[in-house]
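> pasting the structure only:
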Ligand code: SF4
C-alpha cells in the first residue's frame, strides 16, 4: 500500500478534499491478499452529485472494465432509475460507491460478499465529501445492512424494500437488479407498480432529466 493510503487508512478522518481521498482509495491495497484479481477500486464521485448509488461490490466484468455497473445488472438498474447511460455516468450528477470497492472473487453461489475491511475504511469518509447528495439508493442487502443497521434497519431485504416509504426520499432500498433475482422481482410486483415509479420521479426531480 502506498504511503498516502497507509496514512489515510490509519488516521482519523480530519478533513481533506475529495480528490485527496479518491487518490488514497485508488492506491488502497489493504485486503490485497484476499482479492483473486488484485485491488482495483471501482467508483465514481464528484462533490456536485445529488444522487448516490451504494451497491455491494464489482463483479468480474466490472473489474475488467473499471466502469461501475457495466453489466446486465447495471442495465436493469438504469431502467429502474429511468436514466440513460450518459446521465448515469455523469459523476457531477450521480456518485457510485459500492460497500466493497474491489472485486471479491467467486464463491459457491455467485460472487463473494464485499470485503469487510472496505466500508469501515472508506464509505463514510467518501459520503462526508458528497455534500450535495439528497437521495441515496441502497442496492442489495449488503448496502442496506451497512447503512441502515446502525440506525435500526430491518432484518430482511424484502421487509426493508417493502417498507420503502419509511425511508424515502432520503433512501430508496432496492433489491439487487441481477438477472439472478428475476424470480424475486416476479414474486413482488409492487416493486414495479409502486416503488419504481416513485424512484423515477425522485430521480427526475433531482437531476432534471426528462
Ligand atoms: S476492497 Fe476496499 S479495502 Fe480492500 S483493497 Fe479494495 S479499496 Fe482497499
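Received it, and whenever you're ready, just let me know what you need. These numbers come from a predicted model, not from an experiment.

> near residue 108, how many other residues are there?
5 (other C-beta atoms under 10 Å). From N, CA and C alone the C-beta is placed, and that goes for glycine too.

> give me the element residue 138 is part of.
strand 135-139 (DSSP states H and E).

> give me the distance from the very next helix or strand once past that strand to the chain's centre.
Later in the chain than strand 135-139, the nearest helix or strand by DSSP H and E is helix 141-148. With C-alpha atoms, centre = their mean, to the nearest Å as the basis, helix 141-148 stands 10 Å off its chain's centre.

> past helix 141-148, which element shows up next along the chain?
Using DSSP H and E, the helix or strand that follows helix 141-148 in sequence is helix 157-162.

> contacts for that following helix next, please.
140-141, 144, 148, 153-154, 167, 173-175, 184, 188, 190-191, 195 (C-beta atoms under 8 Å, 6 or more residues apart in numbering).

> of these, which is the most crowded?
That'd be residue 173 among the contacts of helix 157-162, by other C-beta under 10 Å, with 27 neighbours.

> which ones are touching that residue?
138, 144, 148, 157, 160-161, 164, 167.

> again with residue 136
51-54, 147, 170-172.

> that one pairs with what?
Bridge pairing for residue 136 (DSSP bridges) gives the partners residue 52, residue 171.

> neighbours of the closest residue to residue 30 other than its chain neighbours, how many?
Distances taken as C-beta to C-beta, 6 or more residues apart in numbering put residue 117 closest to residue 30, at 5.3 Å, once the chain neighbours are dropped. Neighbour count for residue 117, taken as other C-beta under 10 Å: 14.

> next one: residue 22
When neighbours are defined as other C-beta under 10 Å, residue 22 has 18 of them.

> do you know how far it is from residue 119?
16 Å (C-beta to C-beta, to the nearest Å).

> please apply the same query to residue 63.
Distance from residue 63 to residue 119, by C-beta to C-beta: 18 Å.

> contacting residues around residue 142?
56-57, 99-100, 113-114.

> try 10 Å this time
54-57, 98-100, 113-114, 119, 157, 176 (C-beta atoms under 10 Å, 6 or more residues apart in numbering).

> residue 120 versus that one, what's the distance?
Residue 142 is 13 Å from residue 120, by C-beta to C-beta.

> counting neighbours, what do you get for residue 21?
Quick note: residue 21 (other C-beta under 10 Å) scores 20 neighbours.

> gap between the residue positioned nearest the centre of the chain and residue 135?
By C-alpha atoms, centre = their mean, the chain has its centre lying nearest to residue 54, at 1.9 Å. For residue 54, the distance to residue 135 equals 11 Å [C-beta to C-beta].

> mind listing the shared neighbours of these two?
In contact with both residue 54 and residue 135: residue 171, using C-beta under 10 Å, 6+ apart.
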